[in-house]
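> how does the following fold in three dimensions:
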Amino acid sequence: MRWIRDEEFIRGSVPMTKFDVRIAAMAALEIEKGDIFLDIGAGTGSISIEAALQGACVTAVEAKEEGVKLIGRNASKFGVAVEIIKGQAPYCLRAIRQINKCFIGGSGGNLKQIFETVHAKMSAGGIIAANFITIKNLNMFVELLNHHSYTEMELKLLQVSYMEKTGILKAQNPIFLARGRKP
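Next up is the predicted model:
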């Protein structure tokens, strides 16, 4: 298996889940062929594309027009099918069918409502994972996992630094990654 490097994606001003965080998220999601996967706050589509390459049936949700276009261009570049919904979650999720995997990369301040909507559409045994930069949203997500009795909960703080020149490391922003399995 080969993971896609950041520089291979078509980029713009929309945020993208970086390589090391993306691979950790994919591992947390346990994506398999045939999964019905929902990517909320999909940005450039990096998570969506990786999931589609693993054989998942992917729906990407993105509010920003630039992101919607980038997801389409990246899906085309990597030869995968991704259904793209332009809209703000949770309001655009009403027509989504049942899913068994979900990633939340951005919530636009609607994390609780998004979680509740996803929970209702998630099959038993399904996995939800999310990235956070704020402890407030992380805590809310963990509270929601606990409230709904999710199992196999994991929480990680990912801090990655890359060597720019010999002896000089450039730190990336730390990211919280959390996940749980619906009972």
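> contacts and neighbour counts: CA atoms only from here.
Fine.
> return the set of buried residues in the helix or strand harbouring Gly126.
Per DSSP states H and E, Gly126 falls inside strand 122-132. Neighbour counts over strand 122-132 (16 or more other Cα atoms under 10 Å) mark Met122, Ser123, Gly126, Ile127, Ile128, Ala129, Ala130, Asn131, Phe132 as buried.
> other residues contacting the one helix or strand Asn139 maps to?
Taking DSSP H and E as the definition, Asn139 sits inside helix 135-147. With contact meaning Cα atoms under 8 Å, 6 or more residues apart in numbering, helix 135-147 is reached by Leu111, Lys112, Phe115, Phe132, Met153, Phe176, Ala178, Gly180.
> next secondary structure after that helix?
Remark: after helix 135-147, the chain's next helix or strand is strand 151-158, criterion DSSP H and E.
> what packs against that next one?
On a contact count with 3 or more Cα pairs under 8 Å, 6 or more residues apart in numbering; DSSP states H and E, strand 151-158 meets strand 175-181.
> what strands line up against the strand it packs on, and which way round?
strand 122-132 (antiparallel), strand 151-158 (antiparallel) (DSSP bridges).
> that one to helix 135-147, inter-axis angle?
10 degrees (axes from the mean of the first three to the mean of the last three Cα atoms, to 10 degrees).
> what average pLDDT does strand 175-181 get?
For strand 175-181, the mean pLDDT works out to 98.
> after the worst-scoring helix or strand of the chain on mean pLDDT, which helix or strand is next? Please name it.
Counting by mean pLDDT, DSSP states H and E, the weakest-scoring helix or strand in the chain turns out to be strand 161-165, with a mean of 87. Per DSSP H and E, the first helix or strand lying C-terminal to strand 161-165 is strand 168-171.
> that following strand pairs with which strands, and in what direction?
Strand pairing (DSSP bridges) places strand 168-171 next to strand 161-165 (antiparallel).
> quick one: contacts of the partner strand?
Strand 161-165 is contacted from outside by Leu169, Lys170, Ala171, Gln172, using Cα under 8 Å, 6+ apart.
> are any of those buried, and which?
Buried, going by 16+ other Cα under 10 Å: none of these, as it turns out.
> out of these, which comes closest to Val21?
Proximity of the contacts of strand 161-165 to Val21 (Cα to Cα) peaks at Gln172, which lies at 10.3 Å.
> make TSV from the contacts of helix 135-147 and add distance to Ser46 to it.
Shown next, in TSV, are those (distance: Cα to Cα, whole Å):
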residue	distance to Ser46
Leu111	21
Lys112	24
Phe115	21
Phe132	16
Met153	24
Phe176	18
Ala178	18
Gly180	21
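> torsion angles phi and psi at Ile71?
phi -60, psi -50 (degrees, to the nearest 10).
> OK, contacts around the residue lying closest to it once chain neighbours are set aside?
Leaving aside its sequence neighbours, Ile71 sits nearest to Gly45 (Cα to Cα, 6 or more residues apart in numbering; 4.6 Å). Shown in contact with Gly45 (Cα under 8 Å, 6+ apart): Met16, Ala60, Gly67, Leu70, Ile71, Asn74, Ala75.
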